[in-house]
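Undergrad: Give the three-dimensional model of this entry:
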Amino acid sequence: MRRLLGFLSVAAYVEPALLQEIVRLLPCSSPGIATEAALQSHPDIELDSRMHLALKPENKKVYHYIFAQEEALLQLIY
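TA: Below you'll find the predicted structure:
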């Protein structure tokens, strides 16, 4: 989950379709829909009226550091 949150840290907000693609690209032990549901209820996530996800501003820096540790190829894809 921390890795997924890292990918979200580089965006102002993430639409559901983009979230599905990010989940699909990352190796994960749980199915995409379960991961998406867990992410939507994560305490570091805010959800707006259009179902866009965003990291809470006070936590964004921590997750951006996690994203910076990703392989360069994955960073380019995103």
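
Undergrad: which residues of the protein score low on pLDDT?
TA: Residue ranges of the chain with pLDDT under 70: 28-31, 72-78.

Undergrad: Helices of that one, residue ranges please.
TA: 2-8, 16-25, 32-40, 60-68, 72-77 (DSSP state H).

Undergrad: Looking at these, spot the one closest to residue 52.
TA: With CB to CB as the measure, helix 16-25 is the member of these nearest residue 52 (7.9 Å). All C-beta spots, glycine's among them, are computed from the backbone N, C-alpha and C.

Undergrad: Could I get the contacting residues of residue 11?
TA: With contacts defined as CB atoms under 8 Å, 6 or more residues apart in numbering, residue 11 is in contact with 18, 54.

Undergrad: again, only this time at 7 Å
TA: When contacts are counted by CB atoms under 7 Å, 6 or more residues apart in numbering, residue 11 touches no other residue.

Undergrad: And it, how close does it get to residue 55?
TA: From residue 11 over to residue 55 the distance is 9 Å, taken as CB to CB, to the nearest Å.

Undergrad: distance of the residue of the chain positioned farthest from its centre from residue 13?
TA: What lies farthest from the middle of the chain is residue 49; by CA atoms, centre = their mean that is 17.9 Å. The span separating residue 49 from residue 13 equals 12 Å under the rule CB to CB.

Undergrad: swap in residue 33?
TA: From residue 33 over to residue 13 the distance is 20 Å, taken as CB to CB.

Undergrad: what's the answer for residue 53, then?
TA: For residue 53, the distance to residue 13 under the criterion CB to CB works out to 6 Å.

Undergrad: which of those two has more neighbours?
TA: Legend: neighbour count by other CB atoms under 10 Å for residue 53 and residue 13, higher for residue 53 (21 against 15).
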